[in-house]
Structures are given as structure tokens and as C-alpha cells.
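Undergrad: build me a structure from this.
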Amino acid sequence: SLTNTRCCKQAEYMARLGYVGLAIDMYGERMPEQHRLWPFEQEGDTPDIIQHRKIAFENMTRTEANLPSMRGLVQAWMDAGKAHACVSAAHKPCLIGYCYGGIVCLEAIRGGLDVGGVVSFHGVLKTVSKIVPLLLKTLENIFLKAVHH
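TA: Got it, this is the predicted structure:
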């Protein structure tokens, strides 16, 4: 969620390096306010941590099940970021994500979003997209042509 401390700190770090960092919210109102921050002060499987995981995984599964909606949400966030005064239109946005965010990055590429690149840390490679076998076959053909020339 947007108030996730780790995501916001990463966006701030990227900004200090000279990039525009934008931490996006993929769950919106489906993630109740009291569960938007990870309960760092708690250890083990406390009721708060269990409830946080349950809601997060329900929302992750819901967005993964509707890839056009997921990609549309990413596109809307990219459009909002590109509209900011400090963002140059000369550069395509790049996406960085960890775990579920990594899945979102991979699906952005699979869906043809206009990005300069993606970095997926620990993003699951599986997809419900039917384009992946075609993409893999295309990459295999490119590789084979390069090897045989």
C-alpha cells in the first residue's frame, strides 16, 4: 500500500539518487487503514500479522486474477507520475518491484506497457497470461538466429 514504510523509503532513496521515485498503491480502499502498515513491532504470528497477511493476499490474488485491470492501474499510476512537473517526458518510466510488486512489473511488460525497463526482485515468474508461450517462442527464435549466424 501507499503507506508501506519500505516502499516509501525506497522511493525516497531513488529520489536522492536523482530519479523520480513513486511508491504506488495497488490495493486502494480494499486494504483497511489499520492494515496498511506492516506491524513491525510485533513478532511471530500475532492476530494483527495474520489479518494483515490475509487481507494482503486476498487483494494480491484479486488483482492477479484480472490482469487488464492490474495493468490499467499501473498505467494510471505511471500517467500520474509522468504528469508531475519534475518528470521529463524524454525518458520512459522504469518499474521496480519486490515480491508482489515484482509480479506487477513483469505483468506490465507482458501487457505491453510503454516502459524503459523493469526490475523484479523475487517476483514470481508464473502468469495467467496467454502471451507468455508466444513471447518465449519469439525469444527462442531470436536466440537461435543469433547463435546460427
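Undergrad: and the residue nearest to H91 when sequence neighbours are not counted, backbone torsions?
TA: Counting by C-beta to C-beta, 6 or more residues apart in numbering, G116 is the residue found nearest to H91 once chain neighbours are left out, at 6.6 Å. Heads up, the C-betas are built off the backbone N, CA and C, glycines and all. The phi and psi values for G116, taken as degrees, to the nearest 10, are phi -80, psi -20.
Undergrad: who's in contact with G116?
TA: G116 is in contact with 91-94, counting by C-beta atoms under 8 Å, 6 or more residues apart in numbering.
Undergrad: I'd like to know how far it sits from E12.
TA: Between G116 and E12 the distance, using C-beta to C-beta, to the nearest Å, works out to 21 Å.
Undergrad: got a list of what the residue lying closest to F121 once chain neighbours are set aside touches?
TA: Excluding its sequence neighbours, the residue lying closest to F121 (C-beta to C-beta, 6+ apart) is Y98, at 4.4 Å. For Y98, the contact set (C-beta under 8 Å, 6+ apart) comprises 121-123.
Undergrad: and of these, the nearest to L73?
TA: Taking C-beta to C-beta as the measure, L73 lies nearest G123 of these, at 16.4 Å.
Undergrad: who are the neighbours in contact with that closest one?
TA: By C-beta under 8 Å, 6+ apart, G123 lies in contact with 97-106.
Undergrad: what strand or helix carries the nearest residue in space to it that is not next to it in sequence?
TA: Closest residue to G123 apart from its sequence neighbours, by C-beta to C-beta, 6+ apart: G102 at 2.1 Å. Taking DSSP states H and E as the criterion, G102 maps to helix 100-110.
Undergrad: in that helix, which residues are buried?
TA: Neighbour-count burial for helix 100-110, with 16 or more other C-beta atoms under 10 Å as criterion, is recorded at 100-108, 110.
Undergrad: let me have the residues you listed in a markdown table, extended by pLDDT and distance to Y19.
TA: Listed next are these as a markdown table, based on pLDDT from 0 to 100; distance: C-beta to C-beta, whole Å:
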| residue | pLDDT | distance to Y19 |
| --- | --- | --- |
| Y100 | 85 | 22 |
| G101 | 86 | 16 |
| G102 | 88 | 18 |
| I103 | 88 | 22 |
| V104 | 90 | 18 |
| C105 | 90 | 16 |
| L106 | 90 | 21 |
| E107 | 89 | 22 |
| A108 | 91 | 17 |
| R110 | 88 | 24 |
